[in-house]
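>>> what follows is a predicted protein model with its sequence.
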Amino acid sequence: MFANLASLRISSRLMLGFAGVCLVLVAAVATTMWKVNSLNAGMERTVEVRTPTALAGSDLVGKIYASLASLRGYLLVDNPGQKNERAHAWKEIDALRAQIDQLSQNWTNPKNKDLWAQALGAMDALRAAQQKVEEIAHTPDEQP
């Protein structure tokens, strides 16, 4: 094979060499583009789904603690403003739940969707328990 190359004129050998270099360059550019597209998809997933989910989840936890603190304050001092604060906290929790529900449609791990469904059930149970405690607080049923 190399004996045939030696018999080619210098211009033919230069063209073959240039074509080889171009082929290597095309392969390098194609590989780079493929990797950049893969990286871009991961970055978009992080920016558009994972980060907003993490931020909303963090806010959700904070609002749940706020609802607990308001209920605790109401139980201790019988201040109706605390009831309003708890109701407001649950409105914000509902908004965050809706936001995370929307984001969860783009989650790639089915286990995370199952965990979110369990968390929704736990939040509903917490809300019902808080409501029951609030209704019993400062009534004769509180300490029968």
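Structure received. Small disclaimer: the values here were computed from a predicted structure and weren't measured.

>>> which helix in this protein runs the most residues?
For the chain, the helix that runs over the most residues, judged by DSSP state H, is helix 10-45.

>>> in that helix, which residues are buried?
Using 16 or more other Cβ atoms under 10 Å as the test for burial, helix 10-45 gives no buried residues. Yep, even glycine has a C-beta here, placed from its N, CA and C like the rest.

>>> low-confidence regions, this structure specifically.
1-3, 5-6, 144 (pLDDT under 70).

>>> now do 90
Scanning the chain with the threshold set as pLDDT under 90 gives 1-14, 16-17, 38, 41-42, 44-48, 78, 80, 137-144.

>>> now do the helix or strand that the longest helix of the chain is followed by: which elements does it pack against?
Toward the C-terminus, helix 10-45 is succeeded by helix 51-77 as the next helix or strand (DSSP states H and E). The elements that helix 51-77 packs onto, with contact taken as 3 or more Cβ pairs under 8 Å, 6 or more residues apart in numbering; DSSP states H and E, are helix 80-104, helix 110-136.

>>> any chance of JSON lines for the ones you listed, columns distance to Ala69 and mean neighbour count?
Listed next are those as JSON lines, based on distance: least, Cβ to Cβ, whole Å; neighbours: other Cβ atoms under 10 Å:
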{"stretch": "helix 80-104", "distance to Ala69": "8", "mean neighbour count": "16"}
{"stretch": "helix 110-136", "distance to Ala69": "11", "mean neighbour count": "13"}
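
>>> and the ones you listed: which comes nearest Lys63?
helix 80-104 (4.7 Å; Cβ to Cβ).

>>> how far does that closest one sit from its chain's centre?
In terms of Cα atoms, centre = their mean, to the nearest Å, the centre of helix 80-104 is set 18 Å apart from its chain centre.

>>> same thing with stretch 45-60?
Between the mean C-alpha position of stretch 45-60 and that of its chain there is a distance of 4 Å (Cα atoms, centre = their mean).

>>> mind listing what's buried in it?
Taking 16+ other Cβ under 10 Å as the basis for neighbour counts, the residues of stretch 45-60 that come out buried are 49, 52-53, 56-57, 59-60.

>>> and those as a markdown table, adding distance to Gln82?
As requested, those are arranged in a markdown table below (distance: Cβ to Cβ, whole Å):
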| residue | distance to Gln82 |
| --- | --- |
| Val49 | 36 |
| Pro52 | 31 |
| Thr53 | 30 |
| Ala56 | 25 |
| Gly57 | 25 |
| Asp59 | 21 |
| Leu60 | 20 |
